[in-house]
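In: the sequence isn't on hand, but the structure is:
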């Protein structure tokens, strides 16, 4: 039987990591034992109190029913308190917070709520590939704005303002930035808000890395007037090592949250209540939790620097997040050639920066989600493969 796929999938291919993991699985089946340094899936456990809370709440027979589409009040209140304490942002827990089944879900919800054929969305290059996929699936057109190392991976807003932006409805931004690890300060965020306001653009800030190897946590919503033009996504995946739990959040003014809930309520039937209560517990943790996980990542990052030095890559030591972004030497045609060579010869997988856009073609990204012994093994393999 011939069944044609929908037009919306014509510009959307299988996620790069999905295809690469299949290749790695086949190599492992043949005895390769590939060391995967590509994907940012935290290998550290969630806080013990969070797991204990999940177990306790799951044992309550009354906690297994369908839940509210806009999340449990306990979780929304915990998010509001967390944003006030950590970011200095005041939010109405009832009207300005929407818990999500992972922040990746929120990216799609935003695009499906506001975009359609004929619309455009500004997408960073390099940037998280899901922004492009979600825009394409909505029927709108991604319009890429280039980021480069010379400008600290920040967009040139003056250059953008001179373009015809009449069809642009949203702009995706992400700081600390993935994949580059670049940071943004309050002054730049203020410029972003002003740019969005002047051009009638909804600014969508993806903010899951603000607590990982980052000394200052900044929410775009902390800027004066931001609630009029900003939606912010945040996540439990990286900050609390809860990637597989699929819990995130969307923050913004009441009108935006209400509009997105109209779409989301047709896509799921609420989140498991014990998960929400356990997530609430995570948000009450003290500073020592963040310090502990960052101490581990700092030690691992030193091993990544050692690996990159062997490959003669250059990198900034002022990066945030759970990756290291590095520029490759001229001897390789592009990042794919380097990554494939390392995978084939050393059985070590490193992410080619080109998957994040053309501006990443001369860069690679290495995840910090592996033990120091794991990195040492990768280093020894690469050294041996180059003899």
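Out: Alright, I've got the coordinates. Note that this is a predicted model, so its numbers are computed, not measured. Numbering: from 1, shown residues only.

In: okay, CA-based contacts and neighbour counts for the rest of this
Out: Will do.

In: next up, the contacts around residue 100.
Out: Residue 100 sits next to 71, 106, 246, 247, 248, 249, 250, 271 when contact means Cα atoms under 8 Å, 6 or more residues apart in numbering.

In: repeat for residue 272
Out: By Cα under 8 Å, 6+ apart, residue 272 lies in contact with 63, 64, 65, 66, 67.

In: swap in 10 Å and give it another go.
Out: By Cα atoms under 10 Å, 6 or more residues apart in numbering, residue 272 lies in contact with 58, 63, 64, 65, 66, 67, 68, 71, 72, 101.

In: same thing with residue 62?
Out: Contact partners of residue 62, counting by Cα under 10 Å, 6+ apart, are residue 273.

In: which SS state does it fall under?
Out: Each residue gets one of three states, and residue 62 gets helix by DSSP: H, G, I helix; E, B strand; the rest coil.

In: also residue 44?
Out: Under three-state DSSP, the three-state class of residue 44 is coil.

In: what's the spacing between the spatially closest residue to it that is not a sequence neighbour and residue 233?
Out: Nearest non-adjacent residue to residue 44, counting by Cα to Cα, 6 or more residues apart in numbering: residue 241, 6.2 Å away. Distance of residue 241 to residue 233, given as Cα to Cα, to the nearest Å: 17 Å.

In: and the two? Which one has more around it.
Out: Using other Cα atoms under 10 Å as the criterion, residue 241 and residue 233 rank with residue 233 on top: 24 against 18.

In: secondary structure element holding that one?
Out: Following DSSP states H and E, one finds residue 233 within strand 230-235.

In: do the same with residue 86
Out: Here residue 86, judged by DSSP H and E, is contained in helix 73-87.

In: and that helix, which residues are buried?
Out: 75, 76, 77, 78, 79, 80, 81, 82, 83, 87 (16 or more other Cα atoms under 10 Å).

In: ok, now stretch 234-248?
Out: Quick answer for stretch 234-248 (16+ other Cα under 10 Å): 234-243, 246-248.

In: next: stretch 292-300.
Out: Buried residues in stretch 292-300, defined by neighbour count with 16+ other Cα under 10 Å: 293, 294, 296, 297, 300.

In: distance of the residue lying closest to the last one once chain neighbours are set aside from residue 313?
Out: Put plainly, it is residue 300. Spatially, and ignoring its direct neighbours in sequence, residue 300 is nearest to residue 372 (5.6 Å; Cα to Cα, 6+ apart). Using Cα to Cα, residue 372 is found at 20 Å from residue 313.

In: same check, this time on residue 348
Out: Residue 348 is 16 Å from residue 313, by Cα to Cα.

In: more neighbours: which of those two?
Out: residue 348 (25 against 17).

In: give me the number of residues near the residue lying closest to the more buried one once chain neighbours are set aside?
Out: In space, residue 348 comes closest to residue 35 once its chain neighbours are excluded; the distance is 4.7 Å by Cα to Cα, 6+ apart. Counted with other Cα under 10 Å, residues neighbouring residue 35 total 20.

In: how's this protein carved up into domains?
Out: Split into domains by automatic domain parsing, the chain comes to 7-45+288-385, 48-282.

In: flag every buried residue along the next helix or strand after the helix holding residue 86.
Out: Of the helices and strands lying after helix 73-87 in sequence (DSSP H and E), the nearest is strand 97-100. Of all the residues in strand 97-100, those buried under the rule 16+ other Cα under 10 Å are 97, 98, 99, 100.

In: bridged to the last one, which residues?
Out: It stands for residue 100. Listed by DSSP bridges, the beta-bridge partners for residue 100 are residue 248.

In: for the remainder of this discussion, apply numbering that starts at 241.
Out: Noted, 241 is the first residue going forward, which turns the last one into residue 340.

In: give me the distance between it and residue 573.
Out: Distance, residue 340 to residue 573, using Cα to Cα: 41 Å.

In: and if you look at the second one?
Out: Distance of residue 338 to residue 573, computed by Cα to Cα: 45 Å.

In: ok, now the third one?
Out: As for residue 339, its distance to residue 573 is 43 Å (criterion: Cα to Cα).

In: ranges for the strands of the stretch 441-590 of the chain?
Out: Taking DSSP state E, counting those that start in this stretch as the test, the strands found in the stretch 441-590 of the chain are 442-446, 470-475, 488-491, 554-555, 563-567, 588-589.

In: need those strands in TSV (columns: mean pLDDT).
Out: As requested, the strands of the stretch 441-590 of the chain are exported to TSV (pLDDT from 0 to 100):
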stretch	mean pLDDT
strand 442-446	98
strand 470-475	98
strand 488-491	98
strand 554-555	98
strand 563-567	98
strand 588-589	96
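
In: the ones you listed: which one's closest to residue 360?
Out: Ranking the strands of the stretch 441-590 of the chain by proximity to residue 360 (Cα to Cα) places strand 442-446 first, at 11.5 Å.

In: list the strands paired with that closest one, with their directions.
Out: By DSSP bridges, strand 442-446 pairs with strand 408-413 (parallel), strand 470-475 (parallel).

In: from those, which stretch is densest packed?
Out: Of those, the one with the most neighbours on average (mean count of other Cα atoms under 10 Å) is strand 470-475, at a mean of 24.
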